[in-house]
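With the sequence up front, the predicted model follows.
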Amino acid sequence: MSDHIRTTGAMRASPRCGAKTRSGGACRAPAVRGKTRCRMHGGAKGSGAPRANRNARKHGWFTRDAIAERTEIRALLNETRKMLEGMK
C-alpha cells in the first residue's frame, strides 16, 4: 500500500455541472470555475455561439414578437374551446 495522502476533498466539494446527460441524469463532472457547466457542456473557454450570433436568428421563430403572437393565439384558442364546451 502507498502512504500517499489523497486530497480530493476540494474536488468533491466543488459545484457540479448543471447539464443533463443523454440518459436523463445530471452530469457529475465539476463545473468550470465561475460557470455553471463543466468543460464538456459549455464551460470551456471558446465554447458556445459567438456574440451577436446571426445564425441563431435565422428564421425568427424565437423573437419576442413571435413568442407574444403565439401566446395570444393560444389564449384565443383556449377561449374558443371553452365557449364551444359551454354550447354543448
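Cool, got the structure. Please read all numbers here as calculations on a predicted model, not as lab measurements.

Skip the chain neighbours and tell me the closest residue to the most centrally placed residue in the chain.
In the chain, the residue lying closest to the centroid (CA atoms, centre = their mean) is Ala19, at 7.2 Å. Leaving aside its sequence neighbours, Ala19 sits nearest to His41 (CB to CB, 6 or more residues apart in numbering; 3.8 Å). (Glycine included, C-beta is placed from N, CA and C.)

Could you grab the helix/strand/coil label for the one you found?
coil (DSSP: H, G, I helix; E, B strand; the rest coil).

What of Arg28?
Of the three states, Arg28 takes coil under three-state DSSP.

OK, contacts around the residue nearest to Ala19?
Shown in contact with His41 (CB atoms under 8 Å, 6 or more residues apart in numbering): Cys17, Ala19, Cys27, Ala29.

Buried only: go through the residues you listed for me.
Buried members of the contacts of His41, scored by 16 or more other CB atoms under 10 Å, are Cys17, Ala19, Cys27, Ala29.

Looks like the third one contacts Lys20 (just checking).
Yes: between Cys27 and Lys20 there is a contact under CB atoms under 8 Å: 7.0 Å.

hmm, back to that, ok now do the residue nearest to the centre of the chain, which residues does it touch?
Applying CB under 8 Å, 6+ apart, we find Ala19 in contact with Ala26, Cys27, Arg37, Cys38, His41, Gly42.
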